[in-house]
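**Q** Sharing a model that was predicted from the sequence below.
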Amino acid sequence: MRRIKVLVVDDSLLFRNMLVQSLESDPNIEVVAQAENPYEARDAIIKYKPDVMTLDVEMPRMSGIEFLKKLMPQHPLPVVMISSLNQKVFDAMEAGAVDFVNKPANLNREQLGNFLRQELVTKVKIASTAKVGGHKRVMPNPVGRTIGATGNGRIIAIGASTGGTEAIYEIVKCFRRDIPGVVIVQHMPSGFTKMYADRLNNQCEVEVKEAKTGDRVLPGRVLIAPGDSQMKLVKVGSGYQVECRGTEKVSGHCPSVDVLFRSVAKTVGNKAIGVILTGMGGDGAQGLLEMRQAGALTIGQNEASCVVYGMPKVAYDLGAVQSQHDLSAIAGKIYSLLSK
């Protein structure tokens, strides 16, 4: 296989060298160029035609987000952002970045190097398979504002990974306050999940919050699994709430979509709707199959609208997905299923 050509953009020479060393520790990756700022990066993109670019959020002269907004219309390129715990990373995702790596604080040089070799290398490889340039935010298709009896014991469970922050936004933005309780797992580091939930809460009609143990699942409320815990749905009396416990990885992730979906299959059965969105790997596929076997209705995002058609493909191939849809049609499909 041809090696993945990477352009590294960071204004810190020291950190830039660490990024290069981490990436080149993998034999399948070749760093073809480095850049200190977006102007150097623009010239390097034209000259070297990299497969993936890593980009710092904060840089002098022009921020990484400004650069992305100028770059993507002319030179669509998979971009992995390098960010400290910062709300701006979601502006970068909205501008077209594929994924981000959290720049952890309080690590010594050796620990940081090990982290980058594991986390950054993996995300660059995933980004090299991503489709870019065609997943800009669009106005959602109109959906019905009423669905009869609010909630009626229904639960909507959604799972996503790479490309999922924007995909989830496209769906949740369409939800109205009569939507049954929604539980979501998006693969994301600790700390970022709360910022992401707060961002959606400010942009959407429904309430969106980072989940904590004991939170009730209510109509008009969306609960997003915290980035350092496994989230399960449990039945309490006549309703449902979540438990966020355990940091072990399941299906390679914490939080894991499989953990959530399996708990929904067990507790909700045929009153659930499961949705699996863009992402690399197979997390969520087995759990969605268990949901379908328990009588739930299941939806997968189609290949054309996925940034990475991994998780939905594995789920579809397993027989877990009843129907596949373009991202822009999924919210409408959920309302259609609820109205029947």
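**A** Good, I have the coordinates. Residues are numbered from 1 along each chain as shown.
**Q** Under a three-state scheme, what state does the nearest residue to V234 once chain neighbours are set aside occupy?
**A** The spatially closest residue to V234, leaving aside those adjacent along the chain, is E243, at 5.5 Å (Cβ to Cβ, 6 or more residues apart in numbering). Every residue, glycine included, has its C-beta placed from N, CA and C. Under DSSP: H, G, I helix; E, B strand; the rest coil, the three-state class of E243 is strand.
**Q** ok, E243 touching M231?
**A** Yes - using Cβ atoms under 8 Å, E243 is in contact with M231, at 7.2 Å.
**Q** For the residue nearest to V234, name its beta-bridge partners.
**A** On the basis of DSSP bridges, E243 is bridged to K232.
**Q** who's in contact with it?
**A** Shown in contact with E243 (Cβ atoms under 8 Å, 6 or more residues apart in numbering): 213-214, 231-232, 234.
**Q** Mind pulling up the pLDDT for it?
**A** Here the pLDDT value assigned to E243 is 97.
**Q** Please tell me how far it sits from K232.
**A** Distance of E243 to K232, computed by Cβ to Cβ, to the nearest Å: 5 Å.
**Q** returning to that earlier point: how much space separates the residue nearest to V234 from V79?
**A** From E243 to V79 the distance is 36 Å (Cβ to Cβ).
**Q** how many neighbours does the closest residue in space to A296 that isn't next to it in sequence have?
**A** Of all residues not flanking A296 in the chain, A272 sits nearest, at 4.0 Å (Cβ to Cβ, 6+ apart). For A272, the neighbour count with other Cβ atoms under 10 Å is 25.
**Q** Show me what A272 is bridged to.
**A** I155.
**Q** does it really touch R262, like I thought?
**A** No - between A272 and R262 there is no contact under Cβ under 8 Å: 11.4 Å.
**Q** picking that back up, with the contacts of E243 in mind, which one is nearest to T247?
**A** Using Cβ to Cβ, M231 comes nearest to T247 of the contacts of E243, at 11.8 Å.
**Q** Which pLDDT value belongs to the closest one?
**A** For M231, the predicted pLDDT is 98.
**Q** I'd assumed C244 was in contact with it.
**A** Yes - M231 is in contact with C244 according to Cβ under 8 Å; the separation is 5.0 Å.
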